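Colleague: What follows is a predicted structure for the sequence shown.
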Amino acid sequence: MVSMVARNGRHLQRYSTLGRRQVVGCIPYRYDGAKLEVLVISSQRKGKGMLFPKGGWEMDESIREAALRETVEEAGVKGIVEEKLGQWSFKSKGNDAYYEGHMFPLYVMEQLEFWPEKHIRQRVWMSVSEAKEACQHWWMIEALDKLVVREEAKPGKSNL
């Protein structure tokens with residue numbers, strides 16, 4: 001059962017020892033035949049481009065639980081959270097705060113018809129090259145590059 005209400009507030013947020021808010025997210029992906037596709041979502045802020053689902057990692061959940069929760073809330077997909085792609089430090093585009101972002105691949109098993117942020121976000125399946133053009137965050141593009149390298153290393157997946 002998926003909660004139809006997204007979590008909000010910052011009282012349970014995790015922060016690094018440097019005082020940086022910890023955010024986690026996923027790159028939802030699937031294969032259309034042999035072609036790798038990724039799911040991007042629109043930013044909550046109008047005209048701010050596309051990105052991968054991400055949000056705050058809270059004290060009452062594991063990092064993987066947080067990544068999956070954010071992906072369900074923002075993109076309306078469920079699946080298998082795989083091994084972490086990496087960790088990035090970045091400055092917010094909206095303020096002067098610095099964050100630590102952790103990204104995971106999520107192999108999509110289910111696409112929901114209804115999800116908490118359905119009415120405020122668009123979701124679009126794209127090729128890797130389209131996603132690199134559309135994504136607004138350099139660190140998410142680096143995470144996508146790592147996903148592609150990982151997928152190409154799998155047996156039978158040499159030509160994505």
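Modeller: Looks like it came in fine.
Colleague: longest strand anywhere in the protein?
Modeller: Longest among the strand segments of the chain by residue count, using DSSP state E, is strand 98-111.
Colleague: got the buried residues for the next helix or strand after it?
Modeller: For strand 98-111, the succeeding helix or strand toward the C-terminus, using DSSP states H and E, is strand 123-127. Within strand 123-127, the residues that count as buried by 16 or more other C-beta atoms under 10 Å are 123, 125-126. For every residue, glycine as well, the C-beta is placed using N, CA and C.
Colleague: one step back: so for the longest strand of the chain, mean pLDDT?
Modeller: Throughout strand 98-111, pLDDT has a mean value of 95.
Colleague: Pairing partners for that strand, with directions?
Modeller: Strand 98-111 sits in its sheet next to strand 21-32 (parallel), strand 77-81 (antiparallel), strand 86-91 (antiparallel), going by DSSP bridges.
Colleague: where are the low-confidence patches of the chain?
Modeller: Applying pLDDT under 70 to the chain flags the ranges 1-11, 46-47, 157-160.
Colleague: Who does the nearest residue to residue 15 once chain neighbours are set aside form a beta bridge with?
Modeller: Distances taken as C-beta to C-beta, 6 or more residues apart in numbering place residue 21 nearest to residue 15, at 5.8 Å, with adjacent residues excluded. Judged by DSSP bridges, the bridge partners of residue 21 are residue 15, residue 99.
Colleague: ok, residue 21 touching residue 95?
Modeller: No: with contact defined as C-beta atoms under 8 Å, residue 21 and residue 95 do not form a contacting pair (10.8 Å).
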